[in-house]
Each structure stands twice: as C-alpha cells, then as structure tokens.
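Undergrad: Return a 3D structure for these sequence lines:
(chains A and B)
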There are 2 protein chains.
Amino acid sequence: MPYFDAASAAPLHPVARQALLASLDEGWADPARLYREGRRARLLLDAAREAAAEAVGCRPDELVFTPSGTRAVHAGISGSLAGRRRVGNRIVVSAVEHSSVLHAADSHAAAGGTVTEVPVGRSGAVDTNVFAAALDAGTALACLQSANHEVGTEQPVAEAAEACRAAGVPLLVDAAQSLGWGPVEGGWSLLAASAHKWGGPAGVGLLAVRKGVRFAPQGPPDERESGRAPGFENLPAIVAAAASLRAVRAEAAAEGARLRALVDRIRARVPELVPDVEVVGDPVRRLPHLVTFSCLYVDGETLLHELDREGFSVSSGSSCTSSTLTPSHVLRAMGVLSEGNVRVSLPAGTAAEDVDRFLDVLPGVVAGVRERLGAPASAPATGAADSASLVVDALGRRCPIPVIELAKVIGDVPVGGTVTVLADDAAARLDIPAWCEMRGQEYMGESPSERGGVAYVVRRLT
Amino acid sequence: MPYFDAASAAPLHPVARQALLASLDEGWADPARLYREGRRARLLLDAAREAAAEAVGCRPDELVFTPSGTRAVHAGISGSLAGRRRVGNRIVVSAVEHSSVLHAADSHAAAGGTVTEVPVGRSGAVDTNVFAAALDAGTALACLQSANHEVGTEQPVAEAAEACRAAGVPLLVDAAQSLGWGPVEGGWSLLAASAHKWGGPAGVGLLAVRKGVRFAPQGPPDERESGRAPGFENLPAIVAAAASLRAVRAEAAAEGARLRALVDRIRARVPELVPDVEVVGDPVRRLPHLVTFSCLYVDGETLLHELDREGFSVSSGSSCTSSTLTPSHVLRAMGVLSEGNVRVSLPAGTAAEDVDRFLDVLPGVVAGVRERLGAPASAPATGAADSASLVVDALGRRCPIPVIELAKVIGDVPVGGTVTVLADDAAARLDIPAWCEMRGQEYMGESPSERGGVAYVVRRLT
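TA: Residues are numbered from 1 along each chain as shown, chains lettered A, B, ... in the order given. Alright, predicted model coming up:
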C-alpha cells in the first residue's frame, strides 16, 4: 500500500527502530543523575547530540533536543525575539513558512510586535532582494524555510543568510523538510528541524543556536538542554532520531537522485495524462521527493478519498480538506490553483512501480470526480454567444463548484464579454484568477456582491 | 544491580515496551490525516486518551498529552492563570512543589504576578487550614502536589480541593509521583502527570482540565491536542504510556502493599543501624515506595558515589549534589537535616533481598565517609569545659564540615555556654538548626559575621 505523504511524517527508518529498541534498556534513566544508569543515559544523550550536530553542521553545545519541530520553531523564535528585544520588535518571515513559524509570528503580533511577510513568486520562492529589503534596523529576527513543505520549492537560504549578515539580523531556518537530504548551506544563525520528517521517531525536534546569537529562552526554565527545552529528555527517541539522521544522510545522494527522477516522471506525465492540471512549485530548485499539482473542477477531499480507496495516501492543500475551509496559505501566497490539490511526497525506498501505478490510477480517479460534479469538458466551450455578460450565482456553493460554473458558461458570452461569479467560498478568490491564468482568460477583479459574498469578474479572451 | 531511584525515572514497564513496539508500525503517521495510516494513528491516539482518562478519572476530552510532566505543569499553570486573568493574578503554591511548578510560579512573579507560598510542617505536608487561608478573591490558581517527590509525604489534596471549591479557585494537582498508584481523590480542577514516573516512556505527560475550568492556552497554538499542546503527537510513546498506566494500576494494590512493607523496614532499620540519622517525611501518609533520610556528618555526594560503587542507585537532596550548592527546597521548607541526604524510591518489582543488602551495606558506607571526614563519634563529647564560649571558623568549608566542626567542640564549652559557627555554605542555615534539634541543643539564631558569611550561635544544653 503506497504511502506518499512523507512530508507529513515519514515511516520509521529501520535504523531508527533498531536504535530505539537498543536504547530502551540503556536510556530510560535520568541523564542528570550520577549513578551508573544516569551515566549511561548521559553517554547516549551526548553521543546523539554529537551525531546530530555533525549532521546539522554546528557544535554539539549549540544544539538542543526539543519535543517536536514545532516546539523547536516556537522556542527558537521566542528566544531570539526576547534576546534582541532592545534592537527592535520586527520579525520578517516568508509568506510560505510552516504554520509553526506563522503562528509564532502571530503570537508576536498579538503581543504588540511587528510582522513583515515577504511575498513569494509563482514558484513559491522568495526573491532574495525583496527579502533583504524587508530587513531594517529594527528587525530582531528573520525566518526562512530551507524548502517548502507543500510544494517542495527550495528557498535561497544562503543568499538570505548573507543579506541577514549584512543587515546584522539573525536568520532562523526551518529545515524540517530538507535536513534529511543534507545540511543547510550558508551562514544561518538558528536552525530548527523535526525527526519524524526524516524517518526518526515522533517526539524529537532539533534547535541549533549558533554561539554569539543573542538568545533568551522564554517560559519557565529548568536545567535540561542548556535551559532551552525544559522537561525530561525523550531519550530513547533522541538516540533513534540521531542514528536515523546519520543513516538517511548516508543514503541521501543516491536515494535523492532516484526519487528526483520519479518526481520528474510525475511532473511530466500528470499534465499529459490528466487534462486541466497545474503542476506547481519550482521544477528544478526543489526537494527531491515532493511534487504538488492541482486539478481544475475537482473537489480535493473527494479526490483524496478516492485515492485512498485505490491505496494511495497523499495530502492536499485544498480548502475542503482544511478545518478552516480556506485553501493552503502556501498556494494562496503563490497565487496558484488550489482546487483538486494533491501533494505527493515519496518516502525513501518508494518503488518505481508504485509511482507508475499512481500514474495509471490518477486519470480515472480525476475523471470520475469531475463527472460526478458535472465539470465541463476540457476544451473551452465555443458555442454561439448569447449575451455580452452573464452572472453566475454560486453563493453557498463550495470549491470547486464556483469554478465549474464559471467554466460552463464562459463559452456563452462573446469574446470580450464578461462572466461575473458570485461566490462566498474562500477558495474562489484564489481559484478563479488561477483558472483565468490557466485558460488564457482575463481576470478583471472582485467587488462586494449586493447579494452577499464577492463578485468575481472574468472577461472572455479566447 | 538494584536501582532505587524510581522517583526520578522508573525503568520501562514490560507492557510499555510491548505497546511501544506494537505501535511503532501502526502509529507513526499523522493522526490528523484522513488516509488509512492516519486513521490508524488516530484510533491509537483515541484509545490511549480513553485509557488514560479512565485512569485519571476524567473525560477523554478533558485530557491532552504533552511532551513531559514538566510541560504539562507549565501549560496547566500558564493556561489557568491566563484564563482567570480578570479574577486576579495570585497563584498559591505549597513550598514543596516540584521545581516545574515553582519555576512556573517564578515566571508568573517575573511577569508581575503574585505568588503565595504555603509553608509545610516538619513532615512535609501543608496544613489544610493554612492552605485555605492563603486563598483570596484575587487568587487565580492554587497548586498542590498529590505527594511529595523527595520525601513521599501525601498532601491533603481532597481537603485542599474542597477549600478551593469554597473559595472559587481552581486547584491544579501535580500527580507525577502518585498517579501510577491510584487516581487523585477529590474535586481537583486540573491535573498533571508524567509517564516515565510510572514506568511509561519518556516524552509523554498528561494534562487534564475539567470542563468549565477557565483555560486560555499560552504560546503559539496549533490544532493538535485541543490547542493545548502544539506539535506532532509523540504517538507510539503515548500508546505505551497509556497501556503501562493501566498495567501498573492493575498491580498497584498488591505491589504498593509489598513496597510499603519494604519501606517500613528501611524506615525502622536505618536509625537502628546507622547512628545520627534523621528519617524524614510522614511515616504513614506517604507514597508506598519512597523513603528519605539524612545522615549527620556525611557528604551527600561522596555517599551517593560510594553507594553507586556498591551497586545502589539513589538520589539526594544534599547541597553538594545540586548544581547550585543549596540544599533541596523541600528539605529546607521542612526544616530538616539536609546533609548526607539519601532518597530511596523503589521501582515496582524490587526484590526484598536487594533492600536487605542495602541495609547491610549502608552502615559501613556511612561510617567510612564519616571516618574520612573526621566526624565526631556518635555520643556528644562531654569533656571538661575550657571556656564559656567558642568560635569555630568554617568559612569556605562546604557541607557537612561546618556541622562536624560544631559537633567536635560542643563538649568543650560548659552546659549553658555557646559555640558560634562561622560559615558561608548555604546548607549550614538548614543543618545547624537541624543538628541542634537532633542533639537536644539550643539553636539561638544567626547574624552576619564580621569576617564574612554568617555566624550561627548554639547553646549547649546537655
């Protein structure tokens, strides 16, 4: 049963499993104690820290273990902001950071701080010049992920770090998605990561803080983990995390190349096999194992459900798959289609045959969902034009219906005529312009609708 | 090799180990995902929550899993204080709470809040009336442990909860040391615990918040664990924690009675076997598996080291075994001797023979340490009195030297005469009065010494 959601959680690496089992007997005691069980636990903890630090590219005393990647990000951001409170209260983040970064930024804003969000281009990457321009004398911290968790695009971290250095601002890199593939290049100041993303166990994150970076841990302290991560160390899991990081790194070059070719196959074949698909994210500067595409006129939740029935576990940034009924903030920041969104992230060891079977199954699954939704055929309608302008009422209808209704009637207005879509679903704001871009039609803008919701106006060009 | 420090961390229970192994394959995926691996993880998480809630005595939706007991305490305290900010900013804690509670209270004080510390008697228990009197209209939260982690004394939690209910104040119970032995009785509002104390794995704490308790989680949120514990769930470990809690509870009555008898043996025999020992903590209202005693004229660190050489792993609240060179705050609050302090906490399954061997070994170990330190013989010296008052300079000397020097010369002053001990070691403030109490001498008080440090004055009565 192929599992294609490694970016959420990778299956436990065999080395992680072995290390976990081996250290259950040796690593349960308190490493702060001086008796033999404590000393053994301390040796395991020290060795794990050295191995993890070597993989990160920092000194062991710069690295602490946290209970999760999310907690590493939270501790890194709050500690840096507090450490540089006298410098200023601005935090600069890219618009496509992981929610743990954005939530920490929101908390900072709620406490009176300033947040500057750096936009990304259509590929999902920030422009280094734009990122650099956001840094000012009052910037306490900048955050940039090494690679995006939803679309796989790599960020220009080394260049951003150089800009941060020039501006005297520490850079925190969320390396959760990339650390298993290799160290983060460049002069970052703080780095956060999460073991279960590289095949380590849950319950372990990493936070590295370079010597010389001002850092004031927040919250009640204790004496563990240099005062940066209170609470009893999750020790057998820490050992497993470090051992598996070393193991995946040893395999990273070969496995990365293999998965990169499989992802290239998906990137090339999906648009050939499935009409009206947009493959998103940078095709080259990207994580080796991750690809995301969106399918017009498809309900993401149904698509995931149907793929699950076929045995494929994938993720989605569609609004209908989120608890808030809004599309993924990453797709929104990129300005790409969100409906029928599918993220495929291949765990190490994925068989080429499973990718081929996915490519075999996908067209029929998408066609089936479209048929049930009454989606228009692939080619744009070119029937006789009845009227110079039409209004489509999709109020109360969820994604992808507003876009389907738009596509159904665009052929009913003459070239130069307009279709106005009334919709109150949050995804429409992203998906109607994205549809226009994919279809070569002109998106003219939105205004509040008299009947509630929003009126989106599209001019027919072809 | 007998390990007698279960109160720091219990060895992994066999059921925890089995459950951990079994769920490594089923429980690694993200329980928030809807595909089959996610649904399996969700089922495991839900079942673990139900089992843990049943053991705690709350509803499953009142309980969240945290990364540690410390984090459960921190989240419980910060969330309650924030939720009742309009009521007031006072937190009431006992003086002998775990450091995680006291550090959270310190953080609250640093942020402008008010902390009231309720003193304890010589047994380590709070007086319910004193606790109740500390609650006022501006009290946002009260905290009381179910049983003390250093001396084993049970607190009157049910009575305190009743007083809290009458005052309209929520009570947070730190049940870290007792939850494996049974549920916490009474109408508590919040409860925190830690799996590795009952034989579960590291990396798992519990926080229960009763419905209706005002609670505003602090720090950046996410959607996991009801918004009360951000970060990917430590899932196989959570399963192991819940399974082992159920298992230790099934054995608690029988094993508790067996260990209680072993502890009674230690409590009775140690004062018979070792001269100048104070066994501390309540002899009856106590945890079944824990006993603490202090040995006059003994250096705690050396004692632990020698016991470790003999194969016994124990803990100590002596100043020389802490990084801050101050005695345990618990012993200080109780006003009992801290030098030569030994905490014995028996893990489930401890063999009676190991306890007997400990009792065999201990007298020789203590005598050896005393001999090397030049400690006085057990009986107080009764030589001819040379002078009505003597000054002993122990400045710059660490525990237990100031007390040893005092004991050496007390016989050199006549009954009614005084010995003044000059000392700058923090333990002297606790141990000189404690020595007087043990020896039937009169402790007259302290004053700053002209030569630095503190002058402690003792009058010879016998």
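Undergrad: C-alpha from now on. contacts and neighbour counts both.
TA: Will do.
Undergrad: longest single helix anywhere in chain A?
TA: Longest helix in chain A, counting residues (DSSP state H): helix A:235-273.
Undergrad: Can you pull out the residues in contact with the next helix or strand after that helix?
TA: If you walk from helix A:235-273 toward the C-terminus, the next helix or strand you reach (DSSP states H and E) is strand A:277-280. With contact meaning Cα atoms under 8 Å, 6 or more residues apart in numbering or on different chains, strand A:277-280 is reached by A:123, A:151, A:267, A:270-271, A:291-296, A:336-337, A:438.
Undergrad: Check stretch A:262-273 too.
TA: Counting by Cα under 8 Å, 6+ apart, A:277, A:278, A:279, A:283, A:288, A:289, A:290, A:291, A:352, A:355, A:359, A:363 sit against stretch A:262-273.
Undergrad: could I get the residues you listed as a markdown table with distance to residue A:374?
TA: Shown next, in a markdown table, are those (distance: Cα to Cα, whole Å):
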| residue | distance to residue A:374 |
| --- | --- |
| A:277 | 17 |
| A:278 | 20 |
| A:279 | 23 |
| A:283 | 32 |
| A:288 | 36 |
| A:289 | 34 |
| A:290 | 31 |
| A:291 | 27 |
| A:352 | 34 |
| A:355 | 29 |
| A:359 | 23 |
| A:363 | 16 |
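Undergrad: what's the farthest-apart pair in those?
TA: Comparing every pair within these by Cα to Cα identifies A:288 and A:363 as the most remote, at 23.6 Å.
Undergrad: Between these two, point out the one with more neighbours.
TA: residue A:288 (25 against 16; other Cα atoms under 10 Å in any protein chain shown).
Undergrad: Could you tell me which residues make contact with that one?
TA: With contact taken as Cα under 8 Å, 6+ apart, residue A:288 is in contact with A:256, A:257, A:259, A:260, A:263.
Undergrad: try 6 Å
TA: Going by Cα atoms under 6 Å, 6 or more residues apart in numbering or on different chains, residue A:288 touches A:256, A:259, A:260.
Undergrad: give me phi/psi at it?
TA: phi -70, psi -30 (degrees, to the nearest 10).
Undergrad: And the helices in the stretch 51-200 of chain A, which stretches?
TA: Per DSSP state H, counting those that start in this stretch, the stretch 51-200 of chain A carries helices over the ranges A:69-83, A:99-110, A:128-134, A:157-167.
Undergrad: Most tightly packed of those helices?
TA: helix A:69-83 (a mean of 26; mean count of other Cα atoms under 10 Å in any protein chain shown).
Undergrad: Show me what from chain A comes close to chain B.
TA: Residues of chain A that fall close to chain B, judged by Cα under 6 Å from any Cα of the partner chain: A:9, A:29, A:35, A:67-68, A:70, A:103-104, A:107, A:202-203, A:220, A:231, A:234, A:308, A:313.
Undergrad: how about those, which pair is most distant?
TA: Pairwise distances across those (Cα to Cα) peak at 50.9 Å, for the pair A:35 and A:308.
Undergrad: Which one's more surrounded, those two?
TA: Neighbours per residue (other Cα under 10 Å) separate residue A:35 from residue A:308, with residue A:35 holding more: 24 against 19.
Undergrad: Now do the contacts for that one.
TA: Residue A:35 neighbours (Cα under 6 Å, 6+ apart): B:308, B:313.
Undergrad: redo that, cut-off 8 Å
TA: Contacts of residue A:35 (Cα under 8 Å, 6+ apart): B:304, B:305, B:308, B:313, B:314.
Undergrad: from those, which are also near chain A?
TA: Contacts with chain A within these, counted by Cα under 8 Å from any Cα of the partner chain: B:304, B:305, B:308, B:313, B:314.
Undergrad: Any chance of a PyMOL selection covering the buried ones in those?
TA: Command for PyMOL, covering only those of the ones next to chain A among the contacts of residue A:35 found buried under the criterion 16 or more other Cα atoms under 10 Å in any protein chain shown:
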select buried, chain B and resi 304+305+308+313+314
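Undergrad: got JSON lines for the helices of the stretch 51-200 of chain A, with mean pLDDT too?
TA: Converted to JSON lines, the helices of the stretch 51-200 of chain A look like this (pLDDT from 0 to 100):
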{"stretch": "helix A:69-83", "mean pLDDT": "98"}
{"stretch": "helix A:99-110", "mean pLDDT": "97"}
{"stretch": "helix A:128-134", "mean pLDDT": "98"}
{"stretch": "helix A:157-167", "mean pLDDT": "98"}
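Undergrad: just curious, which of the ones next to chain A among the contacts of residue A:35 is nearest to residue B:227?
TA: Of the ones next to chain A among the contacts of residue A:35, the one sitting nearest to residue B:227 (Cα to Cα) turns out to be residue B:314, at 38.3 Å.
Undergrad: State whether the closest one and residue B:342 are indeed in contact, as I suppose.
TA: Yes. Assessed by Cα atoms under 8 Å, residue B:314 is found in contact with residue B:342 at 6.7 Å.
Undergrad: Need the residues touching each of those two.
TA: Common neighbours of residue B:314 and residue B:342 (Cα under 8 Å, 6+ apart) are residue B:304.
Undergrad: The residue in the stretch 351-462 of chain A positioned nearest to chain B - nearest residue in space that isn't next to it in sequence?
TA: Residue nearest to chain B within the stretch 351-462 of chain A (Cα to the nearest Cα): residue A:358, separated by 15.2 Å. Sequence neighbours aside, residue A:312 is the residue nearest to residue A:358 in space, at 7.4 Å (criterion: Cα to Cα, 6 or more residues apart in numbering or on different chains).
Undergrad: Give the phi and psi angles for that neighbour, as a check.
TA: phi -110, psi 130.
Undergrad: who are the neighbours in contact with it?
TA: A:1, A:2, A:3, A:4, A:358.
Undergrad: contacting residues for residue A:344?
TA: By Cα under 8 Å, 6+ apart, the contact set of residue A:344 is A:4, A:5, A:290, A:291, A:292, A:314, A:315.
Undergrad: Give me the buried subset of these.
TA: A:4, A:5, A:290, A:291, A:292, A:314, A:315.
Undergrad: Export only the CA atoms of stretch A:40-57, formatted as PDB.
TA: Extracted in PDB, the C-alpha atoms of stretch A:40-57 (Å, rounded to 0.1, in the frame of the first residue of the first chain):
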ATOM      1  CA  ARG A  40      24.700   5.500  30.600                       C
ATOM      2  CA  ALA A  41      21.800   7.700  29.700                       C
ATOM      3  CA  ARG A  42      24.100  10.800  29.600                       C
ATOM      4  CA  LEU A  43      26.600   9.000  27.300                       C
ATOM      5  CA  LEU A  44      23.700   8.100  24.900                       C
ATOM      6  CA  LEU A  45      22.400  11.700  25.000                       C
ATOM      7  CA  ASP A  46      25.900  13.200  24.400                       C
ATOM      8  CA  ALA A  47      26.600  10.800  21.500                       C
ATOM      9  CA  ALA A  48      23.200  11.600  20.000                       C
ATOM     10  CA  ARG A  49      23.900  15.300  20.300                       C
ATOM     11  CA  GLU A  50      27.300  14.900  18.600                       C
ATOM     12  CA  ALA A  51      25.900  12.900  15.800                       C
ATOM     13  CA  ALA A  52      23.000  15.400  15.200                       C
ATOM     14  CA  ALA A  53      25.300  18.400  15.500                       C
ATOM     15  CA  GLU A  54      27.600  16.900  12.900                       C
ATOM     16  CA  ALA A  55      24.700  16.400  10.500                       C
ATOM     17  CA  VAL A  56      23.400  19.900  11.100                       C
ATOM     18  CA  GLY A  57      26.900  21.400  10.800                       C
END
